[in-house]
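Novice: Kindly generate the corresponding structure for this input.
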Amino acid sequence: MTLHIDLQAIVANWKALAAKAPGARAAAVVKADAYGLGAVKVAPALYEAGARDFFVALASEGRALRPHLPEDARINVLSGHMEGADLTGLVPVLNSPQQFFRDRAMRPGKPFAIQLDTGMNRLGLEAGEWAAIRAEVLAAKPEFIMSHLACADEPDHPANAAQLAAFRAMTDDCGVPRSLSATGGILLGPEYHFDLVRPGIGLYGALPFAKAQPVVRLSLPVIQTRTVQPGEFVGYSATWTADAPRRIATVAAGYADGILRSVSSKGISLYAAGVACPIVGRVSMDLITADVTGLADVPGELDLICPEQSVDRVAEYAGTIGYEILTSLGHRYDRTWR
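Specialist: Take a look at the predicted model:
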């Protein structure tokens with residue numbers, strides 16, 4: 001099982017998103033092991049392209065990445081200063097008054113950032129909390145102040161304008177660099193860009209950045225082929241029955257590898273040099289079966305994610321989003337980077 005990752009495409013996507021916000025510094029979100037694609041490979045490639053600001057979710061992710069980036073790379077931890085966290089060489093994005101006071105008591109003079117809640121009700125200081133400690137926070141000189149948009153993938157959603165107004169009201173006279181937009185926010189336009197943008201999913205070739213270069217090809221090895229006669233079924237619960245003699249290939253991957261069981265019987269295919277081979281029967285833990293009757297020769301591998309079937313198309317079949325498909329891809333794949 002091979003997950004081919006195109007680092008040049010990731011860099012190209014970062015540059016394209018950075019170019020959409022020319023007045024802002026472009027960071028790179030590499031949390032969840034760069035959305036499953038290998039942070040220790042992705043982040044250095046983006047550093048070489050000019051990125052200096054990186055975002056991870058947890059301090060443990062930041063510690064794992066820190067040795068792979070030069071000292072001038074800033075690794076920001078979105079969960080902030082959790083109790084017991086080792087933040088050596090990292091910048092916590094503090095999300096509550098408790099985190100702020102803990103951080104200042106334990107790391108006086110060390111860099112930190114602040115997250116404000118502008119309506120998502122997930123992480124960040126609420127308006128009243130911010131008002132109460134704002135003067136003390138600003139006196140401590142945060143690296144930046146950020147918030148996060150809940151509905152940026154839906155450009156016409158009224159929450160976008162409401163969050164923008166709330167963010168401005170809380171920060172317009174702070175004199176501190178500001179950050180509001182991830183990929184979706186970058187695409188909303190200049191008023192959302194501020195000083196620092198945080199492209200994430202768009203780097204990895206998925207929506208909402210429709211013009212992203214594809215980054216991933218997922219190739220699955222064929223273990224065995226067989227001819228199934230009319231009336232014979234394939235897979236668990238006998239959900240698919242042949243209506244004519246069909247050639248069936250069994251490949252080595254399944255829901256244990258992040259190929260969600262929910263794609264079963266949805267019309268999704270594996271591909272051989274651009275030719276669709278419909279998945280038949282249920283996706284099981286380690287195996288998938290596909291109808292390869294239309295192929296003159298069955299290759300050693302069939303592709304699930306490829307130019308003919310994007311990450312987002314697979315997600316559509318699964319009833320989810322590209323983020324989940326990428327971050328679900330398991331550890332059994334042989335990841336290769338170019």
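Novice: residues near the closest residue to residue 31 other than its chain neighbours, how many?
Specialist: Distances taken as C-beta to C-beta, 6 or more residues apart in numbering put residue 57 closest to residue 31, at 4.0 Å, once the chain neighbours are dropped. For every residue, glycine as well, the C-beta is placed using N, CA and C. Residues within reach of residue 57, counting by other C-beta atoms under 10 Å, total 14.
Novice: show me what contacts residue 57?
Specialist: Contact analysis of residue 57 by C-beta atoms under 8 Å, 6 or more residues apart in numbering lists 31, 32, 77, 78, 79.
Novice: Just flag the most distant two among those.
Specialist: Using C-beta to C-beta, these span at most 13.3 Å, a distance reached by 32 and 77.
Novice: about what we covered before: from the contacts of residue 57, which land in helices?
Specialist: Taking DSSP state H as the definition of helices, these contribute 31, 32.
Novice: From the contacts of residue 57, pick the one nearest residue 261.
Specialist: residue 32 (21.2 Å).
Novice: Pull up the pairing partners for the strand or helix carrying residue 278, direction included.
Specialist: Assigned by DSSP states H and E, residue 278 belongs to strand 275-280. According to DSSP bridges, strand 275-280 has the following sheet partners: strand 269-272 (antiparallel), strand 287-291 (antiparallel).
Novice: export those to TSV and tack on mean pLDDT and distance to residue 24?
Specialist: As requested, these are exported to TSV (pLDDT from 0 to 100; distance: least, C-beta to C-beta, whole Å):
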stretch	mean pLDDT	distance to residue 24
strand 269-272	98	38
strand 287-291	97	43
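Novice: Out of the ones you listed, flag the one nearest residue 106.
Specialist: strand 287-291 (49.5 Å).
Novice: got a list of contacts for that closest one?
Specialist: Strand 287-291 is contacted by residues 220, 223, 234-235, 246-254, 259, 269-270, 277-281, 302 when judged by C-beta under 8 Å, 6+ apart.
Novice: just stretch 258-273 next, same as before
Specialist: Stretch 258-273 is contacted by residues 36, 220, 239-240, 249, 251, 253, 255, 276-279, 281-284, 288, 290, 292, 295, 298-299, 302-304, 306, 308-309, 314, 317-320, 324-325, 328-330 when judged by C-beta under 8 Å, 6+ apart.
Novice: Return it as CSV; C-alpha atoms alone will do.
Specialist: Once non-C-alpha atoms are left out, stretch 258-273 reads as follows in CSV (Å, rounded to 0.1, in the frame of the first residue of the first chain):
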residue,chain,number,x,y,z
GLY,A,258,-9.0,4.9,6.7
ILE,A,259,-11.0,3.8,3.7
LEU,A,260,-14.3,4.3,5.3
ARG,A,261,-16.8,1.4,5.3
SER,A,262,-19.5,4.0,4.4
VAL,A,263,-18.2,4.1,0.7
SER,A,264,-19.5,0.5,0.2
SER,A,265,-22.1,0.1,-2.5
LYS,A,266,-22.0,3.8,-3.3
GLY,A,267,-20.7,3.6,-6.9
ILE,A,268,-17.1,4.5,-6.0
SER,A,269,-14.3,2.9,-8.0
LEU,A,270,-10.6,2.0,-8.0
TYR,A,271,-8.7,3.1,-11.0
ALA,A,272,-6.2,1.4,-13.3
ALA,A,273,-4.5,4.0,-15.6
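Novice: Quick check: buried residues in it?
Specialist: 258, 259, 260, 263, 264, 268, 269, 270, 271, 272 (16 or more other C-beta atoms under 10 Å).
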